[in-house]
Every structure is written in C-alpha cells, then in structure tokens.
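Asker: Pasted the sequence and its predicted model underneath.
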Amino acid sequence: MCIGFIKVAKTADEKYKLIILNNRDEKLDRPTAEMHWHDGILSGVDEQDEARGTWLGLNRGGKIGMLLSITQPVHTKNQTAPSRGAIISTGKEKIKALVKCFNFYLFMYRYGTRSHTLITIDNNDKVTILERRMIAATEVDKSEWIDQKFEFCLDPL
C-alpha cells in the first residue's frame, strides 16, 4: 500500500519546517521513469499510462503534490474508470471527478514497493530529496535498487 507521512514544524527553531516521507507500491513490471526535472516539476513518471502521471512531485516554488490510492475489494473496481494521470492532466474539473474514481486499487501478483522518498525543507528553504527506487525486479526478493539525491533552494516568493 502507498503511504505518505507529513510533518510540519510547530516552532521556528526546529531543524526542518517540513518533512515528507512517501513510499509507492506498484506492479513490479510497470515501467516508470526515475525522478527527474520535467516541465518545472521534479518527480518520477508513470511510463505505462498515456497520461504520464506521477504520484509525488514538487516545484522550486515549494508546491508539492502527493497522490495516494484508497484500497477497495477487486470485484468493486470500475474497469472503465480513467487513470488518475489522465484525470489530473485534463484540468481542475477532472480533479473533482478524481474523488469519484479514486477507489480503483487493484492488487495483483508482482505488486510491491517501487520507491521510497524522503523530502525535507529546512529553515533556510533548502530542499533535500532522497529516493530509493527499484530498477529491476526479476523476482520480488531479488530486486535491484538505485538511490538518488536532489538538493536545491526554493525560489523566493
């Protein structure tokens, strides 16, 4: 299951004003681009769906988006529901439809954690992103992983 944790500093003297911890569970054979800058957003990209959506991304201005699925029994899944990436890419009106389509989680064989992401923003607006991403999964217990690190400062308002 995909999980996201968010911690916001309660006082100005804490080391980080924001910490986000995220993992992405996905079909192990689903093609996914590693985290990279594209169209002003730093994120991974789903290469299977034509909408090329993402599950976690941010820009240099500090805007962050994280999308998690809500699980449901397989037999209740709407097989004709559009992908989340397609919904978001079509604009704000389609995002409203996301609430109705959000419950189409499908658990299948060869499904597991594909990435773990940690995002921190310190009191000087320095962003650090650490991500561990599965690059190959011939078998669930014989996976290959790659680590990436990104650092940058948020653009001033």
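Answerer: It's in.
Asker: Would you map the strands across this protein?
Answerer: Here the chain has its strands, by DSSP state E, at 3-8, 16-27, 32-38, 41-46, 56-58, 64-66, 111-122, 126-137, 143-153.
Asker: Now for the residue nearest to Lys149 when sequence neighbours are not counted: which residues touch it?
Answerer: Distances taken as CB to CB, 6 or more residues apart in numbering place Leu130 nearest to Lys149, at 5.5 Å, with adjacent residues excluded. C-betas here are computed from N, CA, C, even on glycine. Leu130 sits next to 117-118, 147-149 when contact means CB atoms under 8 Å, 6 or more residues apart in numbering.
Asker: what's across from Leu130 in the sheet?
Answerer: Here Leu130 sits in beta bridges with Leu118, Lys149, as judged by DSSP bridges.
Asker: Also the one 4 residues further on?
Answerer: The residues listed as beta-bridge partners of Met134 by DSSP bridges are Trp145.
Asker: Check it and give its pLDDT.
Answerer: What the model reports as pLDDT for Met134 is 80.
Asker: That one: neighbouring residues, count only.
Answerer: Met134 is flanked by 19 other residues according to other CB atoms under 10 Å.
Asker: can you start the count at 217 instead of 1 from here on
Answerer: With 217 as the first residue, the last one maps to Met350.
Asker: my guess is it meets Arg330, correct?
Answerer: Yes. Met350 lies in contact with Arg330 (CB atoms under 8 Å); the separation is 5.0 Å.
Asker: Alright, that wraps it up for me.
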